[in-house]
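Trainee: Below is the sequence, then the predicted model.
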Amino acid sequence: MGPEKVSGRATVAAYTVNHHPWFDAFPPPYVIAAVELDEQPDVRLTTCLVECDIEQVTVGMPVEVVFDEQDDIALPFFRPVTS
């Protein structure tokens, strides 16, 4: 068995809002979340939620992956599903 493609969709399992300025690239406040992949809910990723109002984030919210590319690194973030 090898790697398999997935949809890039997930569900917010848990989250917290960070208010501390740890890194210049992530000005607070921002949402740190654990998301469950749709294809395998027992696989969770810790990520940041982007392109959303932090007051609108809820457990169970459907999200989709977006990649933030910096030089030769692509970080997987998630945003709310719009359709």
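Mentor: All right, it came through fine.

Trainee: so which strand or helix has the closest residue to Leu75 other than its chain neighbours?
Mentor: In space, and not counting its chain neighbours, Leu75 is closest to Asp68: 4.6 Å by CB to CB, 6 or more residues apart in numbering. (Glycine included, C-beta is placed from N, CA and C.) In this assignment (DSSP states H and E), Asp68 forms part of strand 62-70.

Trainee: and that strand, what other elements does it pack with?
Mentor: For strand 62-70, the packing partners by 3 or more CB pairs under 8 Å, 6 or more residues apart in numbering; DSSP states H and E come out as strand 9-18, strand 73-80.

Trainee: Give me the contact list for the following helix or strand past the longest one.
Mentor: Past strand 9-18, heading to the C-terminal end, the next element that is a helix or strand (DSSP H and E) is strand 30-37. Surrounding strand 30-37, the residues in contact under the criterion CB atoms under 8 Å, 6 or more residues apart in numbering are 6, 9-18, 42-49, 52, 54, 57, 63, 78.

Trainee: Those residues, buried ones only, as a ChimeraX selection?
Mentor: Under the burial definition 16 or more other CB atoms under 10 Å, those of these that qualify are selected in ChimeraX by:
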select :10,11,12,15,44,47,48,49,57,63,78
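
Trainee: Phe77 is in contact with the residue nearest to Leu75, correct?
Mentor: Yes - Asp68 is within contact range of Phe77, at 5.6 Å (criterion: CB atoms under 8 Å).

Trainee: joint contacts of the two?
Mentor: What both Asp68 and Phe77 touch, as defined by CB under 8 Å, 6+ apart, is the set Val50.

Trainee: Neighbour count: the two, which is higher?
Mentor: Phe77 (18 against 12; other CB atoms under 10 Å).

Trainee: Who is the more buried one paired with across the strands?
Mentor: Val66 (DSSP bridges).

Trainee: Same check on Tyr30?
Mentor: Under the criterion used (DSSP bridges), Tyr30 bridges to Asn18.

Trainee: Retrieve the pLDDT associated with it.
Mentor: Per-residue pLDDT puts Tyr30 at 94.

Trainee: Please apply the same query to the one 4 residues further on.
Mentor: With respect to pLDDT, Ala34 scores 98.
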